[in-house]
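>>> Could you look at this predicted model? Sequence included:
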Amino acid sequence: MTFDLVFMNHTITFTLDEKQTTVNVPTGTLLSDAAHLAGIEIGQPCGGQGRCGRCAVQVLSGNVRRRSTLRLSPEALEQGFALACQSIVEGDAAIHVPQQEKIERNLTTDRVAAEVQVPDGYAFEWSQPIRRATVHLNPPTMDDQTDDWSRLQTALRTQHQLENTTASLALLRRLGEILRASEWQISVIYSNIGSYEAPLFQILDIRQLEDLDDPVYAAAIDIGTTTVSLWLVDLISGQVKAQVAEYNSQIARGEDVISRIIYTGKSGGSADLQQRVVETINRLTEAACKRAKTRPENVIKAIIAGNSTMIHLLLGIPAASIRLSPFITAVNHPPILASREIGFNFCPDAIIDCLPGVASYVGADITAGVLSSGLDTAEDITLFIDVGTNGEIVFGNRDWLVTCACSAGPAFEGAGVVDGMRATTGAIEEVWINGETFEPSLRVIGGKKAKGICGSGLISLIAEMFLTGLLDKAGNVNLTLPTNRVRAGDHGGEYVVAWGAETETGRDVVITRVDVDNLLRAKAAIYAGFSMLAEQVGMTLEDVQQMYIGGSFGKYINVEKAVQIGLLPDLAWDKFKFLGNTAIKGAYLALLDTQQRERVDDIARRMTYIELSADNSFYEAFTSALFLPHTDLFRFPSVEAAILSKVESQRSDS
Amino acid sequence: MPIEIPKDKWNGKVRTINLGATAAEGGTRAKVITVGGETSMPYLHFEAPTPNTPLIAVEIKSRKPTDWSPLLAEAWGEAMNNPAAWAKAAEAAGAEMLILWLTLEDTPADAVSAVKAVLAASGLPLAVFGPGQAEKDNDLMVAVAEAAKGERLLLGICEDKNYRTIVATAMANGHLVNARTPMDVNLAKQLNILITDMGLPADRIIMDPTVGALGYGIEYGYSVMERLRLAALQGDSMTQFPMLVTVGFEAWKAKESKVGEGVPASWGKWEARAINWEITTATALIESGASIVVLRHPESVKRVKAAISELMTA
């Protein structure tokens, strides 16, 4: 006998932007789930763990049970606030949902996107495994009752010498309709899935007759934890026809990979995340196709780069073991898949090729990055970092490659910092501080009032505060300086970057001691990663001959400031090269050319992964980097010189 | 066959630091004592001489402590009621330096009068430590530093939380600071950098790397000290400071010293065991490079002193 617990249903009314929506849900439903039913998405940057406090909603009437109120102040509690991810429906209630921080869709338009050069010597026939054939069929008659599929196979054999052909069920289902709609004059897109000696040709798509120079579309995709980028490519010319990017809509379920993996542990979590990223990619494909005046179902192939967690989540493969020691992925090198298996809006048989990763925290975004940066063929000893939520580092040249990942945390993306934010409108992106008055000058994205500080702003802020003596080398705010911008706050000493009167919220934008600590930990983790890799191969960072910085964030980092805080090693400025999103460039190169695609496999095989948590030496390197710029000042001669000249000029002034 | 002992040659040298000031230097101490100056790992006399003998400092408190072992109360007797009398007794027991540890109950005025009384009672160089709560330490130590200007006191506890105030007052009043960090080479070095960045001359810093007693992490403290000395000898100027270790404070916290009843008979006599705990901890840490050991029991002073003289002549 099943014992039915009788759950009462309750009426929950949500108000958002003065619009009311009502849902009926049983006792015990999470407010965030009830909101979801009501069509309201409440952002959960921490993945619904009750850690970030950003999903706070106000209970106007009725009662909810608050399982955790850790992130709510006593005043907020008094005003009826509750965390949507931690509060449970126990009766009818009216809930006010505050304005959500809008995740702005930051579409890169072709106008601002960098021109992408088609590699020299690109030729569709030579570089691609994909072919397009024009096929003229005789329509069936009462005398020729050959079935559609045999008719096509025969024509391919006689007109194009394709002896062995196969097709998916999905294609067979569409076949008859297309043949008739195109009056038996068609273009067939196919690819050899057998060997060179014993070819087996898979029919990927059948279309109304196309001209020989009509585009054949494919996509290069990079799934970042924060941003998903897609380039729509014409395989005939090799040209990029559209570049689009959008925030990964999984962000609403956690800002970093760990929160997302935790979210997959919730009921339906894995499917939710899979659906979110697929929807993001489908939206991007539509936008790109619209620009190129084509349709998503014409996309015949996609190469996908992304960190290991993103690839697992995309494929719906359990990712839990990535998070737990000994940190093992389910698959580093997924087999070739068909679009329909994943749910993309491409051609159902489109080839989906996820690039190979190396380990749980060094994924296909990095192997693709090595490919596009040319690190694997470089003569010079090169240090490559992809700065994102995790800092993945590769060190080496054409003879050897070592790699590691250090969990820098999302501090440089604005999380874990009181007034941190992503690099969108209203973010302070650069700061200069006057060494005598301690007054800052700010540059704000969009030129509007400041809302908060983004990663590049934080780096420049910390460097300036350090050089002007507002911060000591340990990151303590010097409260003895003659300025009202330093003060003791709830989180230790703080510095007011912008007064309430100058900000959009009307509140002071500040940086606190705790924020500085979080940023120092992030930069120390990255620098310690550099030192460890160098040490592992018996070198020092002075041996580095060039430094490549990847990741979209990398583009905006001011090298001088990043060196001053000890995030990047103290090399001559001309040794730094900013490469932007190296992952998508790598995916593009691998998409165009089978040899480049094979080179990625080779890179993945060649990279030796160093697990930093295997012994204490990383911790040692980390604590010595937990200082401005570093405990060993000799590692940063240019910064030492800058400090000395400052001290001397102050002495001569006084 | 003669065996040649391999010798290490180092570039670095631990700084030589003077504690206390006589009338000639603007203070009232009977003499100045010098620590540091080593150019080899500890007591490898065949590599380099040990220029200065490690010092024994005795810990006294501004008020009679209520949480000290009855064994210590018995040893010091009435002297514990009064810092001046305690200072005299400590000097008589063989102390070469005194550490006056202030308490949370002290007001700045109390602290100043205790320091003045001790300075008047004994001519030994003096260290004054606050109770270890950053804000309270700041209040007390500023008052003490001003009142004892010119004495070259060793001021503690100077940590990363409150170093600014302590260092500023040490600079203004001609004292030294005891830079304390929690058992970590990098943290020790970082605090020394912060202190010298403020402009305090490097010959006015003693490092306190924090240690554990025998059985309570002594190995960890030992190896941090050893690594600090190695870094100093390799030329890292921000680790080239003599080290002070608060042995008495650690050793008398250990269960083996604290508890006299309900322990296995094989542990032996309580008093002997407690004193041995302090002595063993002290001698081990001296061998890893401590220049100043802070002790509590008069018997420990006597016996550690004997051990030091053997080490110096060995």
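Nice, thanks for sending it over.
>>> Return the per-residue confidence for the nearest residue to residue A:570 once chain neighbours are set aside.
Excluding its sequence neighbours, the residue lying closest to residue A:570 (CB to CB, 6 or more residues apart in numbering or on different chains) is residue A:636, at 4.5 Å. C-beta here means a position set from N, CA and C on the backbone, and glycine is covered the same way. Note on residue A:636: pLDDT of 93.
>>> Isn't residue A:636 up against residue A:565?
No - under the criterion of CB atoms under 8 Å, residue A:636 makes no contact with residue A:565, lying 9.8 Å away.
>>> Let me know how buried the residue nearest to residue A:570 is, in neighbour terms.
Number of residues near residue A:636 (other CB atoms under 10 Å in any protein chain shown) recorded here: 20.
>>> do you know how far it is from residue A:387?
Separation of residue A:636 from residue A:387 (CB to CB, to the nearest Å): 19 Å.
>>> Phi and psi next, for residue A:204.
With angles defined as degrees, to the nearest 10, residue A:204 sits at phi -90, psi -40.
>>> for residue A:386, same thing?
Taking degrees, to the nearest 10 as the convention, residue A:386 sits at phi -110, psi 110.
>>> quick one: contacts for the residue in the stretch 51-200 of chain B that chain A sits nearest to?
Proximity of the stretch 51-200 of chain B to chain A (CB to the nearest CB) peaks at residue B:186, 4.3 Å away. The neighbours of residue B:186, taking CB atoms under 8 Å, 6 or more residues apart in numbering or on different chains as the test, are A:620, A:623, A:624, A:626, A:627, A:631.
>>> And for residue A:375?
By CB under 8 Å, 6+ apart, the contact set of residue A:375 is A:382, A:384, A:394, A:396, A:397, A:401, A:548.
>>> tell me, which of the contacts of residue B:186 make contact with chain B?
With CB under 8 Å from any CB of the partner chain as the criterion, these include A:620, A:623, A:624, A:626, A:627, A:631 near chain B.
>>> Now list the buried members of the residues you listed.
Among the ones next to chain B among the contacts of residue B:186, those that count as buried by neighbour count (16 or more other CB atoms under 10 Å in any protein chain shown) are A:620, A:623, A:624, A:626, A:627, A:631.
>>> So which of the residues you listed are in helices?
For those, the ones inside helices are A:620, A:623, A:624, with DSSP state H as the criterion.
>>> if we take those, which one ends up nearest to residue A:42?
Closest approach to residue A:42 among those (CB to CB): residue A:623, at 38.6 Å.
>>> Which strand or helix spans residue 310?
No chain in the question, so chain A it is. Under the criterion of DSSP states H and E, residue A:310 resides in helix A:308-315.
>>> Let me rephrase: I mean chain B.
helix B:298-313.
>>> name the helices or strands packed onto that helix?
Counting contacts by 3 or more CB pairs under 8 Å, 6 or more residues apart in numbering or on different chains; DSSP states H and E, helix B:298-313 packs against strand B:55-61, helix B:70-76, helix B:83-93, helix B:270-287, strand B:290-295.
>>> Deepest in the core, which of these is it.
Across the helices and strands packed on helix B:298-313, averaging neighbours per residue (mean count of other CB atoms under 10 Å in any protein chain shown) puts strand B:290-295 on top, at a mean of 28.
>>> Strand partners (parallel or antiparallel) of that strand?
strand B:55-61 (parallel), strand B:243-245 (parallel) (DSSP bridges).
>>> So for residue A:341, which of those strands sits nearest?
Among the strands paired with strand B:290-295, the nearest to residue A:341 by CB to CB is strand B:243-245 (65.7 Å).
>>> Would you mind listing what in the stretch 551-654 of chain A touches chain B?
Residues of the stretch 551-654 of chain A lying near chain B (CB under 8 Å from any CB): A:620, A:623, A:624, A:626, A:627, A:631, A:632, A:633.
>>> switch the cut-off to 7 Å
For the stretch 551-654 of chain A, the residues in contact with chain B (CB under 7 Å from any CB of the partner chain) are A:623, A:624, A:627, A:631.
>>> all helices for the stretch 1-150 of chain A, in order.
Taking DSSP state H, counting those that start in this stretch as the test, the helices found in the stretch 1-150 of chain A are A:31-37, A:74-78, A:124-127, A:148-160.
>>> wait, which of the ones you listed is closest to residue B:103?
helix A:74-78 (34.9 Å).
>>> Report the buried residues of that closest one.
Within helix A:74-78, the residues that count as buried by 16+ other CB under 10 Å are residue A:76.
>>> Quick one: mean pLDDT over that helix.
In this model, helix A:74-78 carries a mean pLDDT of 81.
>>> on that earlier part again, looking at the helices and strands packed on helix B:298-313, spot the one closest to residue A:475.
With respect to residue A:475, and counting by CB to CB, the nearest of the helices and strands packed on helix B:298-313 is strand B:290-295 at 30.1 Å.
>>> How about residue A:327, nearest residue that isn't a chain neighbour?
Nearest-residue entry for residue A:327: residue A:360, 4.4 Å, with adjacent residues in sequence omitted and distances by CB to CB, 6+ apart.
>>> Now do the contacts for that neighbour.
Neighbouring residues of residue A:360 by CB atoms under 7 Å, 6 or more residues apart in numbering or on different chains: A:308, A:322, A:327, A:328, A:329.
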